[in-house]
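1. Sequence and predicted model, in that order:
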Amino acid sequence: MNQSTLFIATTVFFLIGILLFLWRATKKRPCLIQSGWYHILFGFTLLLLSLLMFIFSSPSMMVQLNESPLNILSTLQYLIFLSGFFLLIFGLTRWFPLVTSFVDVEIFSKELILSYCRLEILNQDLREKNERFRYITEFALDAIIGINENGMIIFWNAGAELIFGYKEDNVFGHPLDFLMPQRYRNAHNQGLRRIKETGESRILGSTVEVNGLHQQGHEIPLEMTIASWMSKGQIHYVAILRNISARKESEKDNERLQQSRLAISSLLKTALEPLPLQEQLQHALEIILSVPWLSIQSKGSIFLVDEETGELVLTVEKGLATYLLTSCSRIPRGYCLCGRAAENKKLVYSKDIDARHDVMFDGIQPHGHYCVPILSRDHLLGVVNLYLPAGHQEDGEEIEFLTALTNTLAGIIERKRIETHLEHIAHHDLLTGLPNRKLFLERLAQDLARSKRNAESLAIMYLDLDKFKFVNDTMGHEVGDRLLIEVAQRLKRCLREGDSVARIGGDEFVVSLQQAQQEISEIVADKIIDQLGKPFQIRDHVCHIGTSIGISFFPEHGHNPEILMQRADMAMYAVKRRGRNSHQFFMPDMEKNAEIME
């Protein structure tokens with residue numbers, strides 16, 4: 001190494017050292033700000049100036065410097081260098097004893113120790129925060145998932161593994177959308193692009209409900225909250241997801257309960273409406289088929305039991321094939337699924353067409369059934385037949401609800417039958433089953449209105465049995481009652497369709513004949529007299545009776561039921577007076593004779 005290079009290196013080393021000293025001094029270090037530092041600064045400046053003058057000297061001088069540096073330096077440069085050197089030495093001799101003071105060193109040491117302690121406290125706090133964060137994220141039941149701006153997963157906690165079923169190693173670096181059902185992925189990716197382009201999102205900071213995709217392939221209802229943060233110029237997201245399956249199931253159960261209550265309430269409301277039983281059952285079937293949570297098709301039927309034969313009679317239906325309307329109009333007990341439900345008085349379930357389907361036809365589609373018996377205190381009233389999608393599994397909640405519905409239906413049917421029976425009693429004769437006087441007058445008023453509207457005639461026959469009192473007194477009331485029942489049956493066989501007969505007293509009957517002129521009335525009257533004149537075999541007794549018949553006509557003899565019946569009664573008494581067992585038309589003078597007798 002030549003002398004010029006050594007000189008430059010030594011000078012540069014000194015300057016760097018002094019520069020570091022000055023930098024430390026400007027940082028207000030207590031041990032450095034002492035007397036003499038400005039001599040050091042001034043000496044350093046002069047040395048730096050002499051170095052610059054040396055560097056920028058002519059090349060010839062640089063060459064000569066290798067031979068004798070001191071001779072080459074100009075007097076000015078030499079003086080500047082010496083002045084700077086001595087000032088630097090003078091400053092150092094004044095400053096060095098001061099910085100070796102134990103007090104200053106102690107102050108410096110304390111500051112150093114305090115700085116270290118503060119740094120250690122910060123590090124400890126950071127470690128505690130990291131530990132708390134790890135504890136919270138690892139043991140949280142909610143899924144905490146971190147993703148980068150490209151939608152790739154960068155954080156996965158134990159809660160996420162619990163909800164989705166994936167291990168941490170299986171998801172790192174994968175896009176978040178593989179945790180979503182296919183139908184949501186396109187919208188998710190579009191949302192990511194929108195955030196990157198505009199920085200706007202509708203779901204950031206808000207809570208929304210979404211569906212996740214479990215590792216095993218089934219969907220999971222989730223509640224999701226998303227937040228974002230910036231790190232190294234990139235945006236990151238954290239999604240907190242909570243499994244709300246239990247809440248959704250509870251909501252579903254509440255909704256089912258509400259729908260079930262509404263259905264039963266609608267059935268009970270239908271029962272209060274003044275409708276025939278068949279119309280009530282039709283409404284009931286519509287209500288059952290419209291319950292949203294039931295997995296049934298929109299078709300079905302209700303059968304009622306024929307009390308005489310025990311068969312199931314198709315009463316109402318919806319959506320049944322034409323073939324079924326005929327083949328299933330009456331079903332014996334034990335036949336097909338509905339018959340089996342009736343025979344065993346237990347619900348019959350099938351998930352598809354099987355050997356128990358006795359009713360088959362071409363083109364029948366795969367389906368299942370719920371056939372639910374309608375029971376009232378173990379007494380079979382009917383069967384509700386519902387259709388299921390093929391392969392539908394038996395559902396305990398559905399069966400329990402359908403049983404409750406059929407129990408409600410049983411109450412409706414019983415109530416309607418009681419109402420019908422009471423109404424029948426109020427309008428019919430208990431012994432013969434014929435309409436009584438009240439019902440006959442109501443029907444006669446309707447018949448008169450129709451006859452008046454159509455300009456048609458109508459005949460009223462008033463019948464009184466001859467010799468009935470003798471039979472009743474000599475053979476007993478039981479024989480007399482059976483005789484009245486037989487008389488009612490023979491009278492009905494003598495009438496045409498549209499005509500009607502009623503019992504209005506002990507042995508008195510009345511008949512209305514539609515579109516009846518005198519000739520038709522005579523034919524019917526003669527037929528009645530002939531039939532009632534034949535012997536009656538009542539158990540061990542043979543009874544012989546006859547009948548006297550009075551006849552009045554609309555419009556010739558009156559325009560209201562009471563007048564027509566009264567005048568037919570007058571004609572009947574005329575027959576009685578004349579010898580009985582015959583018929584007589586009303587004549588105007590009969591009314592005068594009745595006034596005279598009064």
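-> On my side now, so go ahead.

2. Residue ranges in the protein under the pLDDT threshold?
-> 1-40, 54-74, 92, 94-109, 112, 116, 128-140, 199-203, 205, 592-598 (pLDDT under 70).

3. Which strand runs longest in it?
-> For the chain, the longest strand by residue count, based on DSSP state E, is strand 219-231.

4. what sits up against that one?
-> 143, 163-164, 181, 195, 201, 203-214, 235-245, 248 (Cβ atoms under 8 Å, 6 or more residues apart in numbering). Placement of C-beta: from N, CA and C, glycine included.

5. So which of these are in strands?
-> 143, 207-213, 235-243.

6. Show me just the buried residues among those.
-> 143, 210, 212-213, 236-243 (16 or more other Cβ atoms under 10 Å).

7. Need the max-distance pair from these.
-> 236 and 243 (23.8 Å; Cβ to Cβ).

8. distance between the ends of stretch 269-276?
-> The straight-line separation of the ends of stretch 269-276 (Cα to Cα, to the nearest Å) is 14 Å.

9. In it, which residues are buried?
-> 270-271.

10. Can you check my assumption that residue 575 lies in a helix?
-> Yes: counting by DSSP: H, G, I helix; E, B strand; the rest coil, one finds residue 575 located in a helix.

11. how about it, what does it touch?
-> Taking Cβ under 8 Å, 6+ apart, one finds 548-550, 582-584 in contact with residue 575.

12. now swap in residue 385 and tell me
-> 300-303, 337-338, 369-371.

13. That one: what secondary structure?
-> Looking at residue 385 with three-state DSSP, the answer is strand.

14. Just give the nearest non-adjacent residue to it, would you?
-> residue 301 (4.7 Å; Cβ to Cβ, 6 or more residues apart in numbering).

15. Doesn't the one you found belong to a strand?
-> Yes: under three-state DSSP, residue 301 sits within a strand.

16. ok, the helix or strand hosting residue 314: who's next to it in the sheet?
-> Per DSSP states H and E: residue 314 is located in strand 312-318. Here strand 312-318 has these sheet partners by DSSP bridges: strand 300-305 (antiparallel), strand 330-331 (antiparallel).

17. Which residues does the helix or strand where residue 479 lies contact?
-> Per DSSP H and E, residue 479 falls inside helix 477-494. In this structure, residues lying in contact with helix 477-494 by Cβ under 8 Å, 6+ apart are 431-434, 463, 465, 468, 471-472, 501, 503, 507, 509, 511, 524, 527-528, 531-532, 536, 538-539, 541, 543, 545.

18. Can you tell me which of the residues you listed end up in helices?
-> Of those, the ones assigned to helices by DSSP state H are 468, 471-472, 524, 527-528, 531-532.

19. out of those, what pair is the most spread apart?
-> 472 and 524, at 26.4 Å, using Cβ to Cβ across the ones in helices among the contacts of helix 477-494.

20. Please give me every residue in contact with residue 286.
-> residue 318.

21. swap in the one 5 residues further on?
-> The neighbours of residue 291, taking Cβ under 8 Å, 6+ apart as the test, are 259-260, 263, 401.

22. where does it fall, phi/psi-wise?
-> Note on residue 291: backbone dihedrals following degrees, to the nearest 10 are phi -70, psi 120.

23. So what's the residue count around the residue nearest to residue 385?
-> The number of residues packed near residue 301 is 24, by other Cβ atoms under 10 Å.

24. Could you do residue 44 as well?
-> For residue 44, the neighbour count with other Cβ under 10 Å is 21.

25. I'd like to know how far it sits from residue 88.
-> 6 Å (Cβ to Cβ, to the nearest Å).

26. Also residue 80?
-> 12 Å.

27. Next: residue 488.
-> 149 Å.

28. Residue 530 too?
-> For residue 530 relative to residue 88 (Cβ to Cβ), the value is 163 Å.

29. out of the two, which sits in the busier spot?
-> residue 88 (21 against 11).

30. So for the strand holding residue 314, what gets flagged as buried?
-> 312, 314-317.

31. can I get those residues in JSON lines with distance to residue 569?
-> JSON lines is the format used below for the buried residues of strand 312-318 (distance: Cβ to Cβ, whole Å):
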{"residue": "312", "distance to residue 569": "47"}
{"residue": "314", "distance to residue 569": "46"}
{"residue": "315", "distance to residue 569": "42"}
{"residue": "316", "distance to residue 569": "45"}
{"residue": "317", "distance to residue 569": "49"}
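
32. got the end-to-end distance for stretch 324-334?
-> 17 Å.

33. same question, stretch 362-371
-> 22 Å.

34. what sits up against it?
-> 296-297, 321, 337-338, 340-341, 347-353, 383-392, 398-399, 402.

35. Ok, stretch 271-285 next?
-> Contacts for stretch 271-285 (Cβ under 8 Å, 6+ apart): 267, 270, 300-302, 304, 315-318, 384, 409, 411-413, 415-417, 420.

36. and if we set it to 6 Å?
-> Residues outside stretch 271-285 that contact it (Cβ atoms under 6 Å, 6 or more residues apart in numbering): 267, 270, 302, 315-316, 318, 409, 412, 415-416.

37. Pull up the gap between the nearest residue to residue 311 once chain neighbours are set aside and residue 284, please.
-> The shortest distance from residue 311 to any non-neighbouring residue, by Cβ to Cβ, 6+ apart, is to residue 330 (4.9 Å). Relative to residue 284, residue 330 is positioned 21 Å away (Cβ to Cβ).

38. who has more neighbours, those two?
-> residue 284 (24 against 13).

39. can you tell me how far the more buried one sits from residue 328?
-> Taken as Cβ to Cβ, the span from residue 284 to residue 328 is 19 Å.

40. And for residue 429?
-> 36 Å.

41. quick one on the thing from earlier: right, and the residue nearest to residue 311 touches residue 310 too?
-> No: counting by Cβ atoms under 6 Å, residue 330 stays clear of residue 310, with 10.6 Å between them.

42. picking that back up, who wins for proximity to residue 590 among the strands paired with strand 312-318?
-> strand 300-305 (50.7 Å).

43. Same question for the closest one: list its buried residues.
-> 300-305.

44. neighbouring contacts of that strand?
-> So strand 300-305 is in contact with 281, 285, 289, 312-317, 380-387, going by Cβ under 6 Å, 6+ apart.

45. Equivalent analysis for stretch 165-179, please.
-> By Cβ under 6 Å, 6+ apart, stretch 165-179 touches 147, 151-153, 156, 164, 185, 188, 212-215.

46. Is it possible to mark the buried ones in the residues you listed?
-> 147, 151, 153, 156, 164, 185, 212-213.

47. Quick one: the strands in the stretch 351-500 of the chain, in order.
-> Using DSSP state E, counting those that start in this stretch, the strands assigned to the stretch 351-500 of the chain run over residues 368-376, 379-388, 458-466, 500-503.

48. actually the stretch 51-200 of the chain, sorry about that
-> 143-147, 153-156.

49. Max pairwise distance over the buried residues of strand 300-305: which two?
-> Farthest pair in the buried residues of strand 300-305, by Cβ to Cβ: 300 and 305, 17.6 Å.

50. about what we covered before: let me know which of the strands of the stretch 51-200 of the chain is the nearest to residue 449.
-> strand 143-147 (78.5 Å).

51. Could you check the angle that closest one makes with strand 219-231?
-> 50 degrees (axes from the mean of the first three to the mean of the last three Cα atoms, to 10 degrees).

52. Does anything pack onto strand 143-147? Which helices or strands?
-> For strand 143-147, the elements it packs on are strand 153-156, helix 158-164, strand 234-243, judged by 3 or more Cβ pairs under 6 Å, 6 or more residues apart in numbering; DSSP states H and E.

53. Next, format these as TSV and append distance to residue 493.
-> TSV is the format used below for these (distance: least, Cβ to Cβ, whole Å):
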stretch	distance to residue 493
strand 153-156	91
helix 158-164	81
strand 234-243	77
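
54. and residue 449, which of those is closest to it?
-> Across these, closest to residue 449 is strand 234-243 (Cβ to Cβ), at 72.1 Å.

55. Tell me which other helices or strands that closest one touches.
-> Looks like strand 234-243 contacts strand 143-147, strand 219-231 (3+ Cβ pairs under 6 Å, 6+ apart).
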